[in-house]
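quick one, fold the following:
(one chain, ligands or ions: 2)
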Amino acid sequence: MRHREGCKGPHLNPGETAIPAGDVRKGDIVLAATIELNGHTDRLDHATPYTADPRPDDPGCGCAGHRSLTAEDRAKPLVVLYDGPIWDGACDVVPADALVIIRERAEERPAPSREQSGMDVLRDLLRL
Ligand SMILES: [Zn+2]
Ligand SMILES: [Zn+2]
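Ligands and ions are numbered 1, 2, ... in the order given. Below is the predicted model of the structure:
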């Protein structure tokens with residue numbers, strides 16, 4: 001893949017936006033996860049986009065998604081974005097600060113008046 005100079009990624013198509021996993025809301029269409037490689041954030045597109053149904057992490061869950069977490073992942077706050085049939089019931093469990101690519105929310109294009117997500121509240125509390 002070639003990048004423009006200084007490109008940090010992720011590469012977005014029209015109508016896509018990248019947000020921290022912790023900011024994903026129920027009903028968002030999640031298109032891709034991301035991974036940091038050599039200072040560039042690369043996208044890992046999901047074969048089938050899913051409709052997010054975020055919930056708190058369940059550290060005791062033994063699904064394939066949870067088993068694939070590294071110790072480094074587990075050390076961070078995690079969020080489960082999806083655990084439905086597309087993934088055979090396995091969780092898409094993601095560090096809350098990792099970028100995911102979602103379809104732009106229709107209601108946000110004209111005027112941003114979104115409700116606070118859990119991460120916003122946390123961020124306000126921590127003054128990040
Ligand atoms: Zn790039
Ligand atoms: Zn799980």
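
any idea which helix or strand carries the closest residue to Trp87 other than its chain neighbours?
Of all residues not flanking Trp87 in the chain, Gly65 sits nearest, at 6.8 Å (Cβ to Cβ, 6 or more residues apart in numbering). In this view, the C-beta of every residue, glycine as well, is placed from N, C-alpha and C. Using DSSP states H and E, Gly65 maps to helix 64-67.

residues contacting the residue nearest to Trp87?
With contact set as Cβ atoms under 8 Å, 6 or more residues apart in numbering, Gly65 has these partners: 83, 87, 90-93.

could you point out which element follows the longest strand seen in the chain?
For the chain, the strand with the greatest residue count under DSSP state E is strand 40-51. The helix or strand immediately downstream of strand 40-51 is strand 55-56, counting by DSSP H and E.

is any residue of that next one near ligand 2?
No - applying Cβ under 5 Å from the ion, one finds strand 55-56 out of contact with ligand 2, separated by at least 10.4 Å.

now do that strand: which elements does it pack against?
strand 78-82 (3 or more Cβ pairs under 8 Å, 6 or more residues apart in numbering; DSSP states H and E).

name every strand pairing with the strand it packs on and say which way it goes.
strand 55-56 (antiparallel), strand 92-95 (antiparallel) (DSSP bridges).

returning to that earlier point: how near is the residue nearest to Trp87 to Gly15?
Counting by Cβ to Cβ, to the nearest Å, the gap from Gly65 to Gly15 is 27 Å.
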